[in-house]
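>>> sequence and computational prediction follow.
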Amino acid sequence: MRRFLLSLILLATSSPAATQGLLDWSQDEVSAIERHGPWPPPPAHDPSNRVSGVPAAIALGEHLFNDPRLSADGRMSCATCHQAGRDWSDGRARGFGTADLDRRTPSLWNVGYAHWFGWDGAGDSLWAQSIRPILDRREMGGSAAEVGRLLRDDKALACGYERAFGNKVGDNDERLLVDAAKALAAFQATLVSPRTRFDAFRDAMVAGDRAAAARYTLPEQRGLRLFIGTGNCDTCHFGPRFTNGEFGDVGIAFFVRPGEVDSGRLGGLAKLAGNPFNLLGRYNDDASGASAQRTRHVQRLHANFGEFRVPSLRQVGRAAAYMHSGSLATLDEVVRHYSEVSPDRLHSDGTPLVRPLGLSPRQRTDLVAFLSSLDADAPPRPAPPPLCP
Ligand code: HEC
Ligand code: HEC
């Protein structure tokens, strides 16, 4: 009897009717869903980096990424903070180098498709962004001279360099630092996140395959409907990566410590303008100049104060914490934030894109279910083969 009751309960809770089925989607909604794919996208190519997509540079970049000799004390590599087993982040709410950092370490998934880098957009190329942590004293604290010496003195790296760049390691340290960063960028651009439950649903909807689409649970579908509909989320979390690559203010506190603020995009633009490695400088390999257009035309406006880059939402459920400051601990807290955000906290001029949504508990769990459907396990990464065996 007990067994019978138990199986009845199991039947009731696992009954497909409770979670399976297909909502009635309008043509506009299907179009909005379609714009979040296809996944994976074609490989990223960066015209400002002459070794972008070159296999020998990708191999060199992976070795350098894992090499602690890029840091002053020989103990910290890129992989210390961007760990393959932690979705290329560090499992912490805020970064930690030789000292505490004020921002969360972003995941490097799909970073090759971005056009601004860092939470404040202080970088305009993946290679320039890769120079920053090598030189930053709170991160690796290295120098061009040390990177130059490493590439000249280490036989395997020198050989890997020659294969990647087609010339022998020279004696201009600054150029070698930039080349090391370009190899690092070539490697990072290959980090593409796996297909997810959402992608299967999106493709099924586009193909008109109702049976396959119905494998996406009803809470996931209802959350998606909110995301592209009344939630207005996809004005900023747009396209296949769920980001428009730009900046916004969603009302997250920007106080780092009492009396000290993180001005976000406003400070990032000042750093960008003063960076000798930006795309307007001599190390941009794109002779056409087209890749420097954004940097040339970007304006620094007071409205940029407190804006941060719109993060991609792929693999979002796997993050250790949320927002630039790591100040929200769970996806439920993020959704609650959007539900209750106070309009006074937003600095945006004109019509605000974010307003308190006043979601019901079920709507909140639906949104979290949808966001979680953007995650998937990536296969473990094998150790890179030796350079120049
Ligand atoms: C001490 C921890 C730490 C180390 C070491 C580190 N990073 Fe980072 N990384 C961060 C943090 C924190 C940020 C966010 C910085 C910001 O927004 O100001 C970041 C941002 C980035 C970004 C921008 C990602 C994006 O989505 O815009 C890239 C690319 C990156 N790091 C690559 C590297 C590379 C390459 C190395 C090694 C040369 C490296 N990092 C070493 C902590 C680290
Ligand atoms: C105005 C543009 C905009 C809109 C609209 C918007 N977001 Fe965001 N979202 C952002 C920005 C910018 C951040 C990062 C803020 C920060 O770090 O301070 C963010 C962060 C997030 C994060 C945390 C990601 C991470 O890695 O930390 C999630 C999850 C998220 N948004 C989901 C949503 C959902 C769900 C909606 C709709 C209810 C939404 N967003 C609406 C711009 C927007």
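Received the coordinates, thanks. Ligands and ions are numbered 1, 2, ... in the order given.
>>> give me the neighbour count for K168.
10 (other Cβ atoms under 10 Å). All C-beta atoms are positioned from the backbone trio N, CA, C, and that covers glycine.
>>> now it. Nearest residue, chain neighbours left out?
Excluding the flanking residues, the one nearest K168 by Cβ to Cβ, 6 or more residues apart in numbering is E162, at 5.7 Å.
>>> doesn't that neighbour belong to a helix?
Yes: under DSSP: H, G, I helix; E, B strand; the rest coil, E162 sits within a helix.
>>> please renumber so the chain begins at 695
From this message on, residue numbering opens at 695, which makes the last subject E856.
>>> so it versus G942, what's the distance?
As judged by Cβ to Cβ, to the nearest Å, E856 and G942 stand 44 Å apart.
>>> so these two - more neighbours on which side?
Neighbour count, other Cβ under 10 Å: between E856 and G942, G942 has more, with 21 against 15.
>>> pLDDT (mean, whole number) over stretch 1003-1010?
What stretch 1003-1010 shows for mean pLDDT is 98.
>>> that stretch near ligand 1 at all?
No: Stretch 1003-1010 lies apart from ligand 1 when judged by Cβ under 6 Å from any ligand atom; the minimum separation is 6.6 Å.
>>> that stretch: how far from the chain's middle?
The chain centre lies 6 Å from the centre of stretch 1003-1010; the measure is Cα atoms, centre = their mean, to the nearest Å.
>>> endpoint to endpoint, that stretch covers what distance?
15 Å (Cα to Cα, to the nearest Å).
>>> one more: stretch 1009-1017?
14 Å.
>>> give me the contacts around that stretch.
780-781, 783-788, 798, 801, 803, 887, 946, 1002, 1020-1025, 1027-1028, 1065-1066, 1068-1070 (Cβ atoms under 8 Å, 6 or more residues apart in numbering).
>>> repeat that with 7 Å
781, 783, 785-787, 798, 801, 803, 887, 946, 1022-1023, 1025, 1028, 1065-1066, 1068-1069 (Cβ atoms under 7 Å, 6 or more residues apart in numbering).
>>> and what of stretch 764-774?
So stretch 764-774 is in contact with 758-762, 791, 827-828, 834-836, 841, going by Cβ under 7 Å, 6+ apart.
>>> would you check which of these are in contact with ligand 2?
Of the contacts of stretch 764-774, not one also sits near ligand 2 (Cβ under 6 Å from any ligand atom).
>>> how about these in a markdown table, adding secondary structure and neighbour count?
Shown next, in a markdown table, are the contacts of stretch 764-774 (DSSP: H, G, I helix; E, B strand; the rest coil; neighbours: other Cβ atoms under 10 Å):
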| residue | secondary structure | neighbour count |
| --- | --- | --- |
| L758 | helix | 26 |
| F759 | helix | 21 |
| N760 | coil | 16 |
| D761 | coil | 17 |
| P762 | helix | 14 |
| G791 | coil | 18 |
| P827 | helix | 25 |
| I828 | helix | 23 |
| M834 | coil | 26 |
| G835 | coil | 18 |
| G836 | coil | 24 |
| V841 | helix | 24 |
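>>> report pLDDT for L995.
89.
>>> measure it to ligand 1 for me?
20 Å (Cβ to the nearest ligand atom, to the nearest Å).
>>> show me the helices in the stretch 695-844 of the chain, by range?
For the stretch 695-844 of the chain, helices defined by DSSP state H, counting those that start in this stretch occupy the ranges 696-708, 710-713, 721-728, 749-759, 772-775, 820-829, 838-847.
>>> what is the last one packed up against?
Helix 838-847 is packed against helix 849-859, helix 867-882, with contacts defined by 3 or more Cβ pairs under 7 Å, 6 or more residues apart in numbering; DSSP states H and E.
>>> and the ones you listed as CSV, adding distance to ligand 1?
Below are those laid out as CSV (distance: least, Cβ to the nearest ligand atom, whole Å):
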stretch, distance to ligand 1
helix 849-859, 14
helix 867-882, 4
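>>> what residues does the stretch 745-894 of the chain have near ligand 1?
The interface of the stretch 745-894 of the chain toward ligand 1, taken as Cβ under 6 Å from any ligand atom, is made up of 764, 770, 772, 774-776, 789, 791, 795, 797, 799-800, 802, 805, 808, 811-814, 820, 823-824, 827-828, 833-834, 878, 882.
>>> swap in 5 Å and give it another go.
Residues of the stretch 745-894 of the chain that fall close to ligand 1, judged by Cβ under 5 Å from any ligand atom: 772, 775, 789, 791, 795, 797, 799-800, 811-813, 823-824, 827-828, 833, 878.
>>> kindly give a single ChimeraX line that selects the buried subset of those.
Buried residues among these (16 or more other Cβ atoms under 10 Å), as a ChimeraX selection:
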select :772,775,789,791,795,797,799,800,811,812,813,823,824,827,828,833,878
